[in-house]
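Colleague: Kindly return the folded structure for what I paste below:
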Amino acid sequence: MPIVPFLAGQAFDQNQIEGMSTVFVDVCSKLGLADRSDKMTETVARTIIELAQRGVRDVGTMRTMALREFNLLEK
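Modeller: Numbers count the residues shown, from 1 in each chain. Sure, this is the predicted structure:
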């Protein structure tokens with residue numbers, strides 16, 4: 001379940017999209033989300049996109065920040 005459908009109009013290079021997709025799939029998996037039309041899935045996508053827009057490029061850092069956002073890791 002890649003993040004691409006949620007990127008409408010966003011300008012990211014292919015490497016960024018691949019990293020964001022990796023984090024998206026991982027976080028959705030940890031939350032038990034599989035339905036792309038689920039509002040929570042959309043919230044995960046928007047959170048990851050916002051992290052990328054703020055300049056977070058490292059996949060590990062992005063994953064950690066996203067997991068913390070959804071209380072899947074201690075802050």
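Colleague: I figured residue 28 was touching residue 34, is that so?
Modeller: Yes. Look at residue 28 against residue 34 with Cβ atoms under 8 Å: they come within range, at 7.3 Å. C-betas here are computed from N, CA, C, even on glycine.
Colleague: Looking at those two, which one has more neighbours?
Modeller: Set side by side, residue 28 and residue 34 show unequal neighbour counts under other Cβ atoms under 10 Å, the larger going to residue 28 at 22 against 10.
Colleague: Give me the residues contacting the helix or strand where the more buried one lies.
Modeller: Under the criterion of DSSP states H and E, residue 28 resides in helix 14-31. Residues from elsewhere that reach helix 14-31, judged by Cβ atoms under 8 Å, 6 or more residues apart in numbering: 1-4, 7, 12, 34, 40-41, 44-45, 48-49, 52, 57, 59, 62-63, 66-67, 70, 72.
Colleague: if you set the cut-off to 7 Å instead, what comes out?
Modeller: With Cβ atoms under 7 Å, 6 or more residues apart in numbering as the contact definition, helix 14-31 has outside contacts at 1-4, 40-41, 44-45, 48-49, 52, 57, 59, 62-63, 66-67, 70, 72.
Colleague: same question, stretch 37-53
Modeller: Where contact means Cβ under 7 Å, 6+ apart, the residues beyond stretch 37-53 that reach it are 3, 6-7, 10, 12, 16, 20, 23-24, 27-28, 31, 33, 35, 62, 65-66, 69.
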